[in-house]
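K.L.:
Would you be able to build a 3D model of this:
(one chain, ligands or ions: 1)
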Amino acid sequence: MPEEVLVADAPPDEPFSRDVVVVGGCGRVGLPLGIAFATRGLQVTLYDINAEAVGVVNAGRLPFAEDGAAQPLQSAVADGRLRATTDPASMATAEHIVVVVGTPVDEHLNPDLAAVPRAIERCAEHLRDGQLLILRSTVHPGVTALTEKLLQRHGVDADVAFCPERIAEGRAMTELFDLPQIVSGRTDRVVARAEKLFRALTDEIVVLRPEEAELAKLFTNTWRYIKFAAANQFWMMANDFGLDFERIRHAITHEYPRAADMPHPGFAAGPCLFKDTMQLAAFTNNNFVLGHSAMLINEGLPLYLVSRLEARYDLSTMTVGVLGMAFKGGSDDPRESLAYKLRKILTLKARETLCTDPYIVDERFLPLEEVLRRADLLVIAAPHPDYRDLSTDKPVADMWGLLGGGVLI
Ligand SMILES: NC(=O)c1ccc[n+]([C@@H]2O[C@H](COP(=O)([O-])OP(=O)(O)OC[C@H]3O[C@@H](n4cnc5c(N)ncnc54)[C@H](O)[C@@H]3O)[C@@H](O)[C@H]2O)c1
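P.N.:
Residues are numbered from 1 along each chain as shown. Predicted coordinates:
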C-alpha cells in the first residue's frame with residue numbers, strides 16, 4: 001500500500017496550495033465529490049481518519065463500488081489533482097473545506113449533534129482565517145449555527161456554508177453534475193463563495209438560508225422514506241387480501257402521471273432514509289407521527305415477510321436462502337440493510353439460513369450456486385439485477401417483483 005501523502009501545515013500568510021480539502025473524503029459521499037471537483041481541474045485533498053481507505057485511494061483504486069468513478073479517480077491521482085491523507089494539517093492548505101463525515105443516530109435514535117462539530121474540533125488548530133467551511137453532511141437543524149459558534153470560540157475568522165449532498169450512491173458521478181445544488185449561508189458573501197465553488201460542477205444553484213437548507217435535506221429523505229412506507233403498507237393490505245399488489249400498482253400508475261411515482265414494495269433502508277427520518281423526529285420533539293409510522297412499517301417489513309412465509313411453509317424444517325444483503329439493488333453497501341434483520345428473524349425460525357451477495361465481501365456468505373442448491377426456499381432481499389434471470393425450481397419470495405411473476409407472498 002503506498003504511503004499516504006503528508007501535507008505540511010501552511011503558515012497563516014502562505015497562499016493556499018490546494019483548492020479543496022474534503023473532510024471524510026474517502027467515504028461514500030466525500031470521495032465521489034472529491035473526484036468530481038478534480039475532474040473539473042481543481043486540486044483536491046481528501047482528509048480521512050480511515051488509513052486503509054486513504055491507502056486504497058492513493059493507489060488509484062475505489063474502496064467501494066461507484067459507477068463511473070474508477071477511471072477519473074485513477075487519472076486524478078496519477079496527475080496529483082487528487083490525493084488522500086490522514087494528516088489533519090492538510091486542512092490548512094485549501095481555501096475551501098468541505099465536511100462530509102457520517103452523522104448517525106445513536107441506539108436510542110437520537111441524532112449526534114456533535115458529529116460534525118467534533119470532526120472540525122479535532123483539527124481546528126489547522127483552520128485559517130479566510131477559509132470557507134462547507135458542511136455537506138446531513139445534519140440536525142442547528143448544526144450550522146453550532147459550527148459558526150465553534151469557529152468563533154477558536155478565534156478563526158472563516159465563513160460557514162451548508163450545502164447538502166443529494167446524490168444517490170452509485171449515481172454520484174452523473175448526479176453531481178446534473179442535480180441542482182442547494183447552497184446556503186448566513187450572508188451574501190458566504191453564499192457567493194459557496195456558489196462559486198459548486199459552479200465548477202453545475203450551473204443550477206438554489207439558494208436558501210442555512211436552517212432552511214438543513215430542513216430541505218431532511219425533508220427530502222423523509223419524503224422518500226414515507227413514500228416507500230405507503231407502498232409497503234399498500235402491498236401488505238393487498239397481500240393479506242390475497243391480491244397481487246403489482247397488478248394494482250401497474251393499473252394505478254399506467255398512463256396516470258399523478259400517481260406515477262408510487263414505488264414498488266421492498267426493504268426501505270440504508271444509511272440515510274431511516275436515520276434522517278429519525279433526525280427529523282427528534283427535531284420535532286419526537287412528535288412526528290407520520291415519520292414514526294413510516295419507520296414502523298418499513299422496519300417491520302422483514303417480520304411481515306417472514307410471517308407470510310410461516311403461513312405457507314414449515315420453516316423449522318427448511319433451509320432458507322437470502323439473496324442479496326446490500327441495502328439496495330446493484331449496491332455493495334450493507335449499511336443498515338434490512339436483509340440482515342431478515343436473516344436474524346430467519347435464524348430463529350428456519351432450520352438453516354444461508355446468505356449470498358454478488359457485491360459484498362463477507363466470509364459468512366456463500367456463492368449463489370451453493371445457496372440455490374442447498375436452500376428449500378429463496379427470498380430476494382436485495383433486488384440485484386443479477387437475480388433477474390434466476391434459474392431455479394425452488395419457490396422464490398420476491399416482494400420486489402424482480403422476476404416478473406408478481407409480488408403476492
Ligand atoms: N451515503 C449516501 O448516499 C449519502 C447521500 C447524501 C448524503 N449523505 C450524508 O453524507 C454524510 C456522509 O455519509 P457517507 O455515506 O459518505 O458516510 P461514510 O461513513 O461512507 O463516510 C464518512 C467518512 O468520514 C470519515 N471520517 C469520520 N470521522 C472523521 C473525522 N473526524 N475526520 C476525517 N474523516 C472522518 C470516515 O472514515 C469515512 O470515510 C452523512 O451525513 C450522510 O447522511 C449520504
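K.L.:
What is the three-state secondary structure of Ser316?
P.N.:
Put simply, Ser316 is helix when judged by DSSP: H, G, I helix; E, B strand; the rest coil.
K.L.:
List the contacts of it.
P.N.:
Contacts for Ser316 (CB atoms under 8 Å, 6 or more residues apart in numbering) come out as Lys349, Ala350, Arg351. (Each C-beta comes from the backbone N, C-alpha and C, glycine too.)
K.L.:
Reformat the residues you listed as CSV; add secondary structure, distance to Gly155 and neighbour count.
P.N.:
What follows is these, written out as CSV (DSSP: H, G, I helix; E, B strand; the rest coil; distance: CB to CB, whole Å; neighbours: other CB atoms under 10 Å):
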residue, secondary structure, distance to Gly155, neighbour count
Lys349, helix, 59, 17
Ala350, coil, 61, 26
Arg351, coil, 65, 13
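K.L.:
Whichever residue of the chain sits closest to the ligand: neighbour count?
P.N.:
Proximity of the chain to the ligand (CB to the nearest ligand atom) peaks at Gly27, 1.9 Å away. Using other CB atoms under 10 Å as the criterion, Gly27 is surrounded by 23 other residues.
K.L.:
Same check on the one 10 residues further on?
P.N.:
The burial count assigned to Phe37 is 25, neighbours taken as other CB under 10 Å.
K.L.:
what bits of the chain have low per-residue confidence?
P.N.:
Residue ranges of the chain with pLDDT under 70: 1-13.
K.L.:
remind me, longest helix of it?
P.N.:
The helix that spans the most residues within the chain, counting by DSSP state H, is helix 210-240.
K.L.:
Distance from that one to the middle of the chain?
P.N.:
15 Å (CA atoms, centre = their mean, to the nearest Å).
K.L.:
Next: stretch 60-79.
P.N.:
Taking the mean of its C-alpha atoms, stretch 60-79 sits 19 Å from the chain's own mean (CA atoms, centre = their mean).
K.L.:
same thing with stretch 33-42?
P.N.:
Its chain's C-alpha centre lies 20 Å from the corresponding centre of stretch 33-42 when counted by CA atoms, centre = their mean.
K.L.:
still on that earlier bit, if we ignore the residues flanking it in sequence, what's nearest the residue of the chain closest to the ligand?
P.N.:
Leaving aside its chain neighbours, Gly27 sits nearest to Val100 (6.6 Å; criterion: CB to CB, 6 or more residues apart in numbering).
K.L.:
Might you report the residue contacts of that neighbour?
P.N.:
Going by CB under 8 Å, 6+ apart, Val100 touches Val22, Val23, Gly24, Gly25, Gly27, Val29, Gly30, Leu33, Arg136, Ser137, Glu165.
K.L.:
The ligand contacts on the chain?
P.N.:
Taking CB under 6 Å from any ligand atom as the test, the list of the chain residues beside the ligand reads 23-24, 26-30, 47-50, 53, 100-103, 119, 122, 137-138, 165, 167, 169, 271-272.
K.L.:
If we use 5 Å, what do you get?
P.N.:
23-24, 26-29, 48-50, 101-103, 119, 137-138, 165, 169, 272 (CB under 5 Å from any ligand atom).
K.L.:
Would you mind writing the CA trace of stretch 211-225 as PDB?
P.N.:
C-alpha atoms of stretch 211-225 as PDB (Å, rounded to 0.1, in the frame of the first residue of the first chain):
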ATOM      1  CA  GLU A 211     -31.800  26.400   8.600                       C
ATOM      2  CA  GLU A 212     -34.000  26.100   5.500                       C
ATOM      3  CA  ALA A 213     -31.300  24.100   3.800                       C
ATOM      4  CA  GLU A 214     -30.900  21.800   6.800                       C
ATOM      5  CA  LEU A 215     -34.600  21.100   6.800                       C
ATOM      6  CA  ALA A 216     -34.700  20.800   3.000                       C
ATOM      7  CA  LYS A 217     -32.300  17.900   3.100                       C
ATOM      8  CA  LEU A 218     -34.100  16.100   6.000                       C
ATOM      9  CA  PHE A 219     -37.500  16.700   4.300                       C
ATOM     10  CA  THR A 220     -36.100  15.200   1.000                       C
ATOM     11  CA  ASN A 221     -35.000  12.000   2.600                       C
ATOM     12  CA  THR A 222     -38.000  11.700   4.900                       C
ATOM     13  CA  TRP A 223     -40.400  12.300   1.900                       C
ATOM     14  CA  ARG A 224     -38.800   9.400   0.100                       C
ATOM     15  CA  TYR A 225     -38.900   7.200   3.200                       C
END
